[in-house]
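1. sequence first, predicted coordinates after that:
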Amino acid sequence: MPRIGVVTFPGSLDDRDAARAVRIAGAEAVPLWHADPWLYEVDAVILPGGFSYGDYLRCGAIARFSPVMESVIGAARDGMPVLGICNGFQVLCESHLLPGALVRNDHRKFICKEQLLRIENAHTPWTSNYRNGQEIVIPLKNGEGGFVADQHTLDELEANGRVVARYLDGNPNGSYRDIAGICNEAGNVVGLMPHPEHAVEALTGSGTDGLGFFLGFPPFSGADGPDSSRSKVESGAQA
Amino acid sequence: MNVDTVENAERTPEQPQPFAELGLAEDEYARIREILGRRPTSSELAIYSVMWSEHCSYKSSRLHLKQFGEKVPKTDTLLVGMGENAGVVDAGDGWAVTFKIESHNHPSYVEPYQGAATGVGGIVRDILTMGARPVAVMDSLRFGGLDAPDTRRVLPGVVAGVGGYGNCLGLPNIGGEVYFDDSYLGNPLVNALCVGVMRTDGIKLAKADGPGNLVVLFGARTGGDGIGGASVLASATFDETGPAKRPSVQVGDPFAEKVLIECCLEIFAADLVVGIQDLGAAGLSCATTELAAAGAGGMDVDLDRAPLRDASLVPEEILMSESQERMMAVVTPENLDGFLAICAKWDVLATVIGTVTDSGRLRMRWHGETIVDLPPRTAALEGPLYRRPVERPLDQDALNEHDGHALPRPRDAAGLRDTLLRLIASANLADKSWVTDQYDRFVLGNTVLAQPEDAGMIRLDESTNRGLAISVDGNGRYTRLEPYVGAQLALAEAYRNVATTGARPLAVTNCLNFGSPEDPAVMWQFTEAVRGLADGCLALGTPVTGGNVSFYNQTGTTPILPTPVIGVLGVIDDVTRRTPQGFTTDGALIYLLGDTRDEFGGSEWAHVVHGYLGGLPPAVDLEREKLLADVLINCSRDGLIDSAHDLAEGGLAQALVESCLRGDSGARVVLPEGADAFVTLFSESPGRAIVSVPRSEEVRFTDMCTARGLPHVRIGVVDVLDARLAVHFGSDAFDVPLRELRRAWTSTLPAHFD
């Protein structure tokens, strides 16, 4: 059974949800503690949503320096799959594992809604259960979710297929080029502003469209393309 | 520093003291001197002044609130009743649920964001103190008119505050209410509810037992914020000529509270506390006196050990500070190391500041000198008790007589169609997603239903699907017209909302928002509402488990509409059987349950179309409410219906529109033959709901209603593909495309606040 670490920082909120999503996907969720650098031989790591260290200074700015992040940064550079959701995405940007930054929503309000997305890159370990161009609905909830980067970086992300997901049906937070998620050059590190872990059960959340993010293991081999024979999560599918 | 010690107080009996400025009456001050046998030290005066404030002592309301304990229905579900931080209800399978609602009205007017934020923080700590993990919040909000300039200041700040704090704690906000009325313009209402869950053997109580046990203060440091907040803000009305009161509002740090929650839950799991109390209104004064009074009876405290954010604070200020995110625990000496280790893990500051004694005295020292020596019961439990004068308002008869029966009513299709569109776009009936989209409803992954559903529903147990449902409701206009009935209507609606989702209502919490208790007319409204609520709870079999009274909600001498806000908690065996609000099944038959009467007193129609308030509120029939609830719960369990929506403000028309839009389905409705179309569509008679019944279940459904004697009439059919609501009556008809309904319903709040 693949082992997926879920980090808890002080102020993490969606760590239980991420662990539940991992379990529903058939993997083992391994709790990781911010002050403990040891990764317990996990196959992948999820940095969950929340307000790590109160989001003081800047979102994710303090979490970046935690002992666990030193290990995660090293493992990510060696190819370990890492998914940062919401606050986790902010931590990945602050850690320079991903380019750009996340700033306050352009409308200045926190927003919580069921958001339509298009998967733009189904070749990462986190999105290999989707098809390129597949449309899914998962919850979005953030106060500082506007993705920004300079023109050059944005062009490079687009040119290299590093935009993983894009907002459809209206831009909820002012993200440049409607970007909802990106990956690093190798594709193993993915940051996503919306919350797939809140869309893994028909009973709660917004359906089951998010489950695919947690089904892509055993660990990243770079082999899974959009035509993989692995079972696909179809948009709107209900478990 | 010049500290007023007990010794000094004995030596200087005639020294004048500012008791009046601290909100104490002359006879109250005299009683303190009598209790102590000398003048109080300034620290003791600080303690008595906050503990004997209306906010903490319930001195005007206690006499009347006793009814909740006297008229308690027979129930075996109540594990902890009134008097603790929150009541606890047995939810089955070894689960216990605790819930409570509390006001933070005055601070939210002064400083909307922080006032609302710390309101959420305070109620969450109350729930945590019972030993429970907080699992959801709700909020009941009232503001001045939608068009009033100050509403644009207060509402966005309050909403951002509720969201900012709750979102950062990781608690889903699953429902609530937002109402507008001019009477709340200078006095908005912010009532926050929290619900928590624990195992039945994990209940904690607020008492300092066991002489020799240690008193630990943990969480945030004590600062100068909120000094005098409890007595200054909650006991005085806003006077334009008075000094600015901004410094009295507490400032919240939700991150500190989130860490404190996790820290406490780990401490509870390791069973390391004897008793625990949160520091809310009246801060350390309240926590020390209440813990001591409820336990062994005495406590020695070294106040100078309390960690401070501002080293210049004097003892009186430390005692009155309402700094947030603080807790006090009683720990045995053997468990202290374990307790401190968990605090260290979460980076929570913890300091031993005293010991439990059986001396019957609360003694506090400041750098070795005794500054407090008082019997804690006299501060915590034996505060003043007032039987305030009560007098039916002079205008009450006139208000009830002018019932508005002559107000012009629409008769034809065009007039009814216009009225429907106007009402759904009106402030109180319009879509509230501008507010609720700022709240996280998904976090923790157990939200089964959230706003705009009739009640919020949370899964308690992933293995069994056992769950809870909660609704909060209140209607100030109904209560103004007839307080006894108004309180029962609020109770009935919350009860009905819970049953509509399929959960069985079990218990009640309440937040009673009224004007000044020194006004006999307000006191009449209050006593009538309390009597109505107590009688109603007895009739419905749902005990009051706790709550809060907020007085002095008025601008000048004009009180707010009397506004009891009632929360009802229910339990459902299997959340997968819950009944949602939206129409989704094509061809399902729409039934109207209950009796519709010509009842427009206090209605939205009279308010919106005619700006009129008069007559009597709709008649309440609690036996009927019980019957309707039984049918709705059984239908949910047996799978006889696939949607249900309670009828309340705006009547049938509002409910139909909401069920259509929620399910994104059309409906063809034929009003009952011979019925007055206007009354059928817009009357606010309670005890009603609409349900949609799959055709395959129609016979079983109608048989059940007939056998139980619940009036039911088929009024239409769900038509998923036909994107409009069509209403036929007599030989006439009108229809409105869903697109037009949605635009009318959703545009109002964004147009005012974006």
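-> Yep, it's here. These numbers come from a predicted model, not from an experiment.
2. count of residues packed around the residue lying closest to B:T557 once chain neighbours are set aside?
-> Closest residue to B:T557 apart from its sequence neighbours, by Cβ to Cβ, 6 or more residues apart in numbering or on different chains: B:D519 at 7.5 Å. Just so you know, the C-beta spots here come from the backbone N, C-alpha and C atoms, and that holds for glycine as well. Other residues near B:D519 come to 21 when the count uses other Cβ atoms under 10 Å in any protein chain shown.
3. which parts of chain A sit against chain B?
-> Contact residues (Cβ under 8 Å from any Cβ of the partner chain) of chain A with chain B: A:10-11, A:13-14, A:16-17, A:20, A:49-51, A:53-56, A:107, A:109-113, A:139, A:141, A:143, A:195, A:197-198, A:201, A:203-206.
4. of these, which belong to strands?
-> For those, the ones inside strands are A:I111, A:C112, A:K113, A:P139, A:K141, with DSSP state E as the criterion.
5. excluding sequence neighbours, find me the nearest residue to the spatially most central residue of chain B.
-> Nearest to the centroid of the C-alpha atoms of chain B, with distances taken as Cα atoms, centre = their mean, sits B:I101, at 3.1 Å. The shortest distance from B:I101 to any non-neighbouring residue, by Cβ to Cβ, 6+ apart, is to B:L193 (4.1 Å).
6. so the one you found lies in a helix, does it not?
-> No: B:L193 sits outside any helix when classified using DSSP: H, G, I helix; E, B strand; the rest coil, being strand.
7. how about low-confidence regions in chain A?
-> Along chain A, segments meeting pLDDT under 70 span A:218-239.
8. mind jotting down where the helices sit in it?
-> With DSSP state H as the criterion, chain A has helices at A:15-24, A:67-77, A:87-94, A:151-159.
9. identify whichever of those lies nearest to A:L32.
-> A:L32 lies closest, by Cβ to Cβ, to one member of the helices of chain A: helix A:67-77, at 5.6 Å.
10. that closest one versus helix A:87-94: what angle between them?
-> 70 degrees (axes from the mean of the first three to the mean of the last three Cα atoms, to 10 degrees).
11. how about helix A:67-77: buried residues?
-> Buried positions in helix A:67-77, judged by neighbour count with 16 or more other Cβ atoms under 10 Å in any protein chain shown: A:V68, A:M69, A:S71, A:V72, A:I73, A:A75, A:A76.
12. next, count neighbours for the residue nearest to B:G547 when sequence neighbours are not counted.
-> Among residues not flanking B:G547 along the chain, B:N510 sits closest, at 3.9 Å (Cβ to Cβ, 6+ apart). Residues contacting B:N510 under the criterion other Cβ under 10 Å number 31.
13. just the buried positions in stretch A:141-155, please.
-> Those buried within stretch A:141-155 under the rule 16+ other Cβ under 10 Å are A:K141, A:N142, A:G143, A:E144, A:G145, A:G146, A:F147, A:A149, A:L154.
14. and the next element down the chain from the lowest-mean-pLDDT helix or strand in chain B?
-> Least confident helix or strand of chain B, by mean pLDDT, DSSP states H and E, is helix B:234-235 with a mean of 38. Sequence order places helix B:254-269 as the next helix or strand after helix B:234-235, per DSSP states H and E.
15. quick one: that following helix near chain A?
-> Yes: contact of helix B:254-269 with chain A (Cβ under 8 Å from any Cβ) involves B:P254, B:F255, B:A256, B:K258, B:V259, B:E262.
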